[in-house]
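> show me how the following folds:
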Amino acid sequence: MPTSPKKVVLWSKTGCHFCGEVKAFLTSRNQPFENIEVEGNDVLRDVLEAKYGIRHVPVIEVGGDGKFEALLEPDLEKLAALLAQPDEAATV
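Below is the predicted model of the structure:
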């Protein structure tokens, strides 16, 4: 059964240098991603706090089938490694 490509969700805000770096990295790899803009929307920051205990961005979620791993710091090497990992569903 073929697996779908990994889904990437980026929580970011306009003007954030690190958020821009992550966006450029994903774009350069032709990796589609969903961007969730938290600027001016404290409810979204509340969601981050509930999920991860933080209110800062960027937060990068990588996964699929309802199972995601989050990077809470803009570490592009870790992001590349996450994107390169085969999906767990493919190995089951």
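
> tell me the bridge partners for the residue nearest the centre of the chain.
Geometric centre of the chain, nearest residue: Ile60, 2.2 Å, by C-alpha atoms, centre = their mean. Beta-bridge partners recorded for Ile60 (DSSP bridges): Leu10, Leu71.

> and it, what pLDDT?
Ile60 is assigned 97 on the pLDDT scale.

> just checking, it touches Glu73?
No. Ile60 lies out of contact with Glu73 (C-beta atoms under 8 Å); the separation is 9.0 Å. Every residue, glycine included, has its C-beta placed from N, CA and C.

> follow-up on the earlier one: list the contacts of the residue nearest to the centre of the chain.
Ile60 sits next to Val8, Val9, Leu10, Trp11, Val22, Ala70, Leu71, Pro74, Leu79 when contact means C-beta atoms under 8 Å, 6 or more residues apart in numbering.

> write the PyMOL selection for whichever of those are buried.
Buried residues among those (16 or more other C-beta atoms under 10 Å), as a PyMOL selection:
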select buried, resi 8+10+11+22+70+71+74+79
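
> under the pLDDT cut-off, which ranges of the chain? List them.
Applying pLDDT under 70 to the chain picks out residues 1-4, 87-92.

> let's see it at 80
Along the chain, segments meeting pLDDT under 80 span 1-5, 86-92.

> all helices of it, in order?
Assigned by DSSP state H, the helices in the chain fall at 17-28, 42-52, 76-84, 88-91.

> on that earlier part again, quick check: the residue nearest to the centre of the chain vs Gly15, distance?
18 Å (C-beta to C-beta, to the nearest Å).
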